[in-house]
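# With the input below, show me the fold.
(one chain, ligands or ions: 1)
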Amino acid sequence: MQTLRTTSLEVRDNQLWILDQQALPQQQNWLPAHTVAQLVDHIHALRVRGAPLIGLSASLLLALLGEQGVARSALAEALEVLRAARPTAVNLMNNLDRMKIALAESDHVTALSAEALRLVAEDKLLCDNIARAGSALVKPGSQLLTHCNTGGLATAGVGTALGVIAHAHQQGLVSNVWVDETRPLLQGGRLTAWELGELNIPYQLITDSMAASLMARGVVDAIWVGADRIAANGDVANKIGTYSLAVLAHYHGIPFYVAAPHTTLDRLCPNGDAIPIEQRAASEVTGVSGSFGSVQWAPENAAVYNPAFDVTPADLISGWVLDTGVVTPEQVKEGIFQP
Ligand SMILES: CSC[C@H]1O[C@H](OP(=O)(O)O)[C@H](O)[C@@H]1O
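Numbering: from 1, shown residues only. Got it, this is the predicted structure:
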């Protein structure tokens, strides 16, 4: 397979390498994802994270294994193991469903590589289209608030919600970005802050609990978030903490936008109640770990509830900004996302 590089993925010498997103921003460590076990471990640990990126990394590895001569039957098993690596972000399943079709072709090795590269190229374009569609909704001088990380690290392109923010900033429309640190894994404080710094976009890092008072002060003009799965009725699963932002935005009359590629749509999922929500380890809440090591503050036997995502009901969403354009609440009510 040709050499390929995104912000956090690289194909080099016919092997897949990943940028460890748990070590950022202090360290930029590229790690091997040469085997299914390695990539699944990276995905479980969120060294590889972000709904689109998870699907793309799995697709690329499957194609590379095919080129390395792994038997078709073993590739089919590998596909199923990768498909189960994380349950909420549907991009993984959507991508691998397309790879499954390629695997059934007579020349499956060529078909797998072509499909994986097509998925990467498509995602870059989807990000650009989302950025353009979304920035049309940004008013001049806006202060925008975002949650978790939805930039180039999480996609093959400029990102989803953060791609909109970056494109709007390029057009001179953004005066400041409020960056939710996004407990417990701090994707905002570590990754979004790093990406905005690299892009020279003005931002202020806040704890998640600060968002409400900023809205009350009238210094949040719109909220932009990503998505891990969009159900047929428009409900959205996204990083834990998204739902509370949507409720606050509704109370304060602030537009709340979800930015995502169409590969995040799950038309067979009727509503948010049907979206599987990943439950994660207690250690992510009882303390924090990173390139510096780890520290624990809660009692050893603390009982912990740690869902990685929550669901925002469609009636709290002002618009779904997809690569195909902006979808309105009226269109969602009319069933635009229905199968
Ligand atoms: C464009 S990434 C979409 C989505 O993925 C993130 O979750 P995680 O960091 O657990 O992979 C977050 O929910 C983003 O909004």
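
# check contacts around the closest residue to residue 176 other than its chain neighbours.
Using Cβ to Cβ, 6 or more residues apart in numbering and skipping residues adjacent in sequence, the residue nearest residue 176 is residue 143, 4.5 Å away. (Each C-beta comes from the backbone N, C-alpha and C, glycine too.) Listed by Cβ atoms under 8 Å, 6 or more residues apart in numbering, the contact set of residue 143 reads 174, 175, 176, 177, 178, 219, 220, 221.

# could you flag which of those are buried?
The neighbour-count test (16 or more other Cβ atoms under 10 Å) marks 174, 176, 177, 178, 220, 221 as buried among these.

# Max pairwise distance over these: which two?
Across the buried ones among the contacts of residue 143, the longest distance by Cβ to Cβ is 12.4 Å; it joins 174 and 220.

# Identify the contacts common to these two.
Between them, residue 174 and residue 220 share the contacting residues 143, 144, judged by Cβ under 8 Å, 6+ apart.

# give me the element the residue nearest to residue 176 is part of.
Assigned by DSSP states H and E, residue 143 belongs to strand 142-146.

# State the mean pLDDT of the next helix or strand after that strand.
For strand 142-146, the following helix or strand on the C-terminal side (DSSP H and E) is helix 161-170. Per-residue pLDDT over helix 161-170 has a mean of 98.

# Can you give the distance from the helix or strand that helix 161-170 is followed by to the centre of its chain?
Using DSSP H and E, the helix or strand that follows helix 161-170 in sequence is strand 174-180. Offset of strand 174-180 from its chain centre (Cα atoms, centre = their mean, to the nearest Å): 19 Å.

# can you start the count at 20 instead of 1 from here on
Right, with 20 as the first residue, what we last looked at is strand 193-199.

# Neighbouring strands - and their directions - for strand 193-199?
Partner strands and pairing direction for strand 193-199 (DSSP bridges) are strand 161-165 (parallel), strand 222-225 (parallel).

# For residue 211, which of these is the nearest?
Once the strands paired with strand 193-199 are compared by Cβ to Cβ, strand 161-165 is nearest, at 6.4 Å.

# Take the closest one, keep the C-alpha atoms, and write them as PDB.
The C-alpha atoms that make up strand 161-165 are tabulated as PDB, following Å, rounded to 0.1, in the frame of the first residue of the first chain:
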ATOM      1  CA  SER A 161     -18.500  34.600  17.500                       C
ATOM      2  CA  GLN A 162     -17.300  33.000  20.700                       C
ATOM      3  CA  LEU A 163     -17.800  29.300  20.200                       C
ATOM      4  CA  LEU A 164     -17.800  26.500  22.800                       C
ATOM      5  CA  THR A 165     -16.700  23.000  22.000                       C
END
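
# So is it next to the ligand?
No - residues of strand 161-165 are not located near the ligand by Cβ under 6 Å from any ligand atom, the shortest gap being 9.1 Å.

# relative to helix 180-189, how tilted is that strand?
If you take axes from the mean of the first three to the mean of the last three Cα atoms, to 10 degrees, strand 161-165 sits at 160 degrees to helix 180-189.

# tell me which residues in strand 161-165 are buried?
161, 162, 163, 164, 165.

# Show me what the one helix or strand residue 131 maps to is packed up against.
Per DSSP H and E, residue 131 falls inside helix 127-154. Packed against helix 127-154 by the contact rule (3 or more Cβ pairs under 8 Å, 6 or more residues apart in numbering; DSSP states H and E) you find helix 70-86, helix 91-102, helix 109-122, helix 180-189, strand 275-278, strand 338-341, strand 344-346.

# Tell me which residues touch the residue in the stretch 120-269 of the chain positioned nearest to the ligand, please.
Going by Cβ to the nearest ligand atom, the ligand is nearest to residue 245 of the stretch 120-269 of the chain, at 2.9 Å. Contacts for residue 245 (Cβ under 8 Å, 6+ apart) come out as 69, 70, 167, 169, 173, 179, 180, 257, 258, 277, 278, 279.

# would JSON lines of those with distance to residue 349 and neighbour count be doable?
Listed next are these as JSON lines, based on distance: Cβ to Cβ, whole Å; neighbours: other Cβ atoms under 10 Å:
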{"residue": "69", "distance to residue 349": "30", "neighbour count": "30"}
{"residue": "70", "distance to residue 349": "26", "neighbour count": "28"}
{"residue": "167", "distance to residue 349": "28", "neighbour count": "28"}
{"residue": "169", "distance to residue 349": "25", "neighbour count": "34"}
{"residue": "173", "distance to residue 349": "29", "neighbour count": "31"}
{"residue": "179", "distance to residue 349": "23", "neighbour count": "33"}
{"residue": "180", "distance to residue 349": "22", "neighbour count": "30"}
{"residue": "257", "distance to residue 349": "22", "neighbour count": "30"}
{"residue": "258", "distance to residue 349": "27", "neighbour count": "25"}
{"residue": "277", "distance to residue 349": "16", "neighbour count": "28"}
{"residue": "278", "distance to residue 349": "19", "neighbour count": "30"}
{"residue": "279", "distance to residue 349": "19", "neighbour count": "27"}
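
# want to try a markdown table for the contacts of residue 162, with distance to the ligand as columns?
Below are these laid out as a markdown table (distance: Cβ to the nearest ligand atom, whole Å):
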| residue | distance to the ligand |
| --- | --- |
| 193 | 19 |
| 194 | 23 |
| 195 | 20 |
| 196 | 15 |
| 197 | 16 |
| 238 | 23 |
| 239 | 18 |
| 240 | 20 |
